[in-house]
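J.: return atomic coordinates for the entry below.
(2 chains)
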Amino acid sequence: KNLVRMEVEALQKLDPHTYYQKFIEAGVRPDGRSFNRVRNISIMNGVLNAEHIAASSLVTLGHTKVITAVTLQVGNPSNSTPNLGEVQAQVILSPLCSSLFSIGRPPEEAIILEELIRSLICDSKLISLEDLCIEPGRLAWKLCIDAQCLSYAGNLTDATVLSVISCLAKIKIPPTVTSTDGKVMISEGKGKVLALRTFPVPLTLGYYNNVLVADPSLLEQELLSTSITIIQTSKGEIVQVHKHGGMGLTGPQLVQCVSLSKNHALSIVSSLKQ
Amino acid sequence: SNTGFLSRGDGSVRLDCNNSSVIVAINGPAQPTQTKEIVDRAKIEVSWKSEKGVQMNIDIEREKFIQKSLEEAVIVKSYPRTLISVTIQVLNEDGSILSTAINACTLALIDAGIEMNAMLLSSTASLSRKKGSENRIQLDPCSLEENDSENLVKVAILSGNEGIVAIKATGSMSVEELFACLEAARKACNSVGVYL
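T.: Here you go, the predicted model:
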């Protein structure tokens, strides 16, 4: 029995494509899931309670874990947009989450995810940057989104985006009082809830030759012919679609991806309501 | 467009699309460093140099977008253990810069004589909703139009192929609007293909 297991592990390491192909032909994936099944998701909000943190969220997607904290810092708005605040995102991938990463320059994957988060918030207008203004032309809030991966087991994108959006849904802008010398101090009273226009849900899908698999695991990520990330709300509004190259997808394949993404969004939103 | 005008590279092109202007230089297939070598295929490395010189996050995303798309277009299996370096220098950015750059890469690769499956073509569509008038899809928007629109859909396809290789869609649109933009961009890519 041990010999069989060694052979299977050897096949996975030496010829991962043949290994994976055997599962696909049997209609299942190496971790036992069906092609359309997304791993179990758990979202825990408010896990970090320090005073300076406006919101925090820990998302677990299978074995992938991401913790995001959002903090608010006061800064000067840029001259071209005097009454708008700013959003900055940082995604940290370190040896803590996987031996694939090392300490030092952020890997390309982290940078691309930061850009996705920025585009999701600003280009898709999830929040109104005017809500972050304190004093037009002089002071505005900077929303700092800090996403740290704790465990890297495939589909970092979905876990990170979910945790960022969960955080954004719970932010209160504290009421402030500006002193005569320009210092901003938090004053008494309840903060104003930062309005999130809608709650979009991400889904990353991949194609292995022409077989669609949802929520790729770490093993699958390396083998897929292409992958596509669709961020959609439960009402069918599409806010982001990212497909960075790879095998071309036809119209019907894209339609299938979009509809799977909508079903996923519906199920996430309904389980969050409970 | 102006091909073969840089003498040091293996292939080069300068492409102007209205006011957006890029230079693409190709070096390769060449000897890579040990870490970058892939045993059975060529490695394509893309370097995006923006107008302002400082490399932002979005430039790194563009590099990956283009690299993964070029890997579909170039017959990488023909050049094992080599490195094909693509350097994109933006001279002037006035909208649809990613699409301009991708089309320029295709021309430069042809100029360099690198074997390709098909031409990689790209186009950008913007969708804006104005009160009181119809939704409009604009192809190949300039900077002003891009900033003004709510949605941008960038598409890369292989000529003669039905599938869409790469998509970057941002904004907020319904499923029908998304597919309308994808279709419009795809048709535009075919016209770009005819021009190239």
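
J.: OK, contacts around residue A:234?
T.: Applying CB atoms under 8 Å, 6 or more residues apart in numbering or on different chains to residue A:234 gives the contacts A:199, A:201, A:262, A:265-266, A:268-270. Using the backbone N, CA and C atoms, a C-beta is placed for each residue, glycine as well.

J.: how close does it get to chain B?
T.: With distances taken as CB to the nearest CB, to the nearest Å, residue A:234 is found 13 Å from chain B.

J.: SS state for that residue?
T.: Residue A:234 falls in the coil class when you classify it by DSSP: H, G, I helix; E, B strand; the rest coil.

J.: mind listing the strands for the stretch 51-200 of chain A?
T.: A:53-61, A:64-75, A:86-92, A:133-135, A:139-151, A:172-173, A:176-178, A:184-186, A:192-193 (DSSP state E, counting those that start in this stretch).

J.: please name the nearest non-neighbouring residue to the residue nearest the centre of chain B.
T.: Central residue of chain B (CA atoms, centre = their mean): residue B:102, 2.0 Å from the mean position. The shortest distance from residue B:102 to any residue other than its chain neighbours is 3.7 Å, reached at residue B:122 (CB to CB, 6 or more residues apart in numbering or on different chains).

J.: look at residue 123 and say how many residues are nearby.
T.: Reading this off chain A. 16 (other CB atoms under 10 Å in any protein chain shown).

J.: please go with chain B instead
T.: Residue B:123: 27 neighbours (other CB under 10 Å).

J.: verify the stated contact: it with residue B:189.
T.: Yes: A contact is recorded between residue B:123 and residue B:189 when judged using CB atoms under 8 Å, the distance being 4.7 Å.

J.: mind naming the longest helix for chain B?
T.: Identified as the longest helix of chain B according to DSSP state H is helix B:175-195.

J.: is that one anywhere near chain A?
T.: Yes: under the criterion of CB under 8 Å from any CB of the partner chain, chain A is reached by helix B:175-195 at B:175, B:178-179, B:182.

J.: list residues touching both of residue B:123 and residue B:189?
T.: With contacts taken as CB under 8 Å, 6+ apart, residue B:123 and residue B:189 have residue B:155 as neighbours in common.

J.: returning to that earlier point: how close does the residue nearest to residue B:102 sit to chain A?
T.: Distance, residue B:122 to chain A, using CB to the nearest CB: 11 Å.

J.: can I get the contacts of residue A:234 in JSON lines with neighbour count, pLDDT and distance to chain B?
T.: Formatted as JSON lines, the contacts of residue A:234 follow (neighbours: other CB atoms under 10 Å in any protein chain shown; pLDDT from 0 to 100; distance: CB to the nearest CB, whole Å):
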{"residue": "A:199", "neighbour count": "18", "pLDDT": "93", "distance to chain B": "13"}
{"residue": "A:201", "neighbour count": "24", "pLDDT": "95", "distance to chain B": "14"}
{"residue": "A:262", "neighbour count": "21", "pLDDT": "95", "distance to chain B": "8"}
{"residue": "A:265", "neighbour count": "23", "pLDDT": "94", "distance to chain B": "12"}
{"residue": "A:266", "neighbour count": "16", "pLDDT": "94", "distance to chain B": "14"}
{"residue": "A:268", "neighbour count": "20", "pLDDT": "93", "distance to chain B": "18"}
{"residue": "A:269", "neighbour count": "15", "pLDDT": "93", "distance to chain B": "17"}
{"residue": "A:270", "neighbour count": "10", "pLDDT": "92", "distance to chain B": "20"}
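
J.: which two of the residues you listed have the greatest separation?
T.: A:199 and A:262 (13.5 Å; CB to CB).

J.: least trustworthy helix or strand in chain A by mean pLDDT?
T.: For chain A, the helix or strand with the lowest mean confidence is strand A:184-186, at a mean of 78 (criterion: mean pLDDT, DSSP states H and E).

J.: mind listing the strands that one pairs with, and their directions?
T.: strand A:176-178 (antiparallel) (DSSP bridges).

J.: how about the strands in chain B?
T.: Secondary structure of chain B (DSSP state E): strands located at B:2-3, B:11-17, B:20-30, B:43-49, B:83-92, B:120-128, B:136-139, B:151-158, B:164-173.

J.: would you single out the least confident of those?
T.: Comparing mean pLDDT across the strands of chain B, the weakest is strand B:2-3, with a mean of 72.

J.: packing partners of that one?
T.: Using 3 or more CB pairs under 8 Å, 6 or more residues apart in numbering or on different chains; DSSP states H and E as the contact criterion, the elements in contact with strand B:2-3 are strand B:11-17, helix B:97-112.

J.: any idea which of these is most buried?
T.: helix B:97-112 (a mean of 25; mean count of other CB atoms under 10 Å in any protein chain shown).

J.: got the CA coordinates for stretch B:46-55 in PDB?
T.: The C-alpha atoms that make up stretch B:46-55 are tabulated as PDB, following Å, rounded to 0.1, in the frame of the first residue of the first chain:
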ATOM      1  CA  VAL B  46       8.200  41.800 -21.300                       C
ATOM      2  CA  SER B  47       9.500  45.100 -20.000                       C
ATOM      3  CA  TRP B  48       7.100  48.000 -20.000                       C
ATOM      4  CA  LYS B  49       8.700  51.400 -19.800                       C
ATOM      5  CA  SER B  50       6.200  54.200 -19.300                       C
ATOM      6  CA  GLU B  51       6.500  57.800 -20.500                       C
ATOM      7  CA  LYS B  52       7.300  59.000 -17.000                       C
ATOM      8  CA  GLY B  53      10.000  56.500 -16.400                       C
ATOM      9  CA  VAL B  54       8.800  55.300 -12.900                       C
ATOM     10  CA  GLN B  55       7.400  51.900 -13.100                       C
END
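
J.: that concludes my questions; thank you for your assistance.
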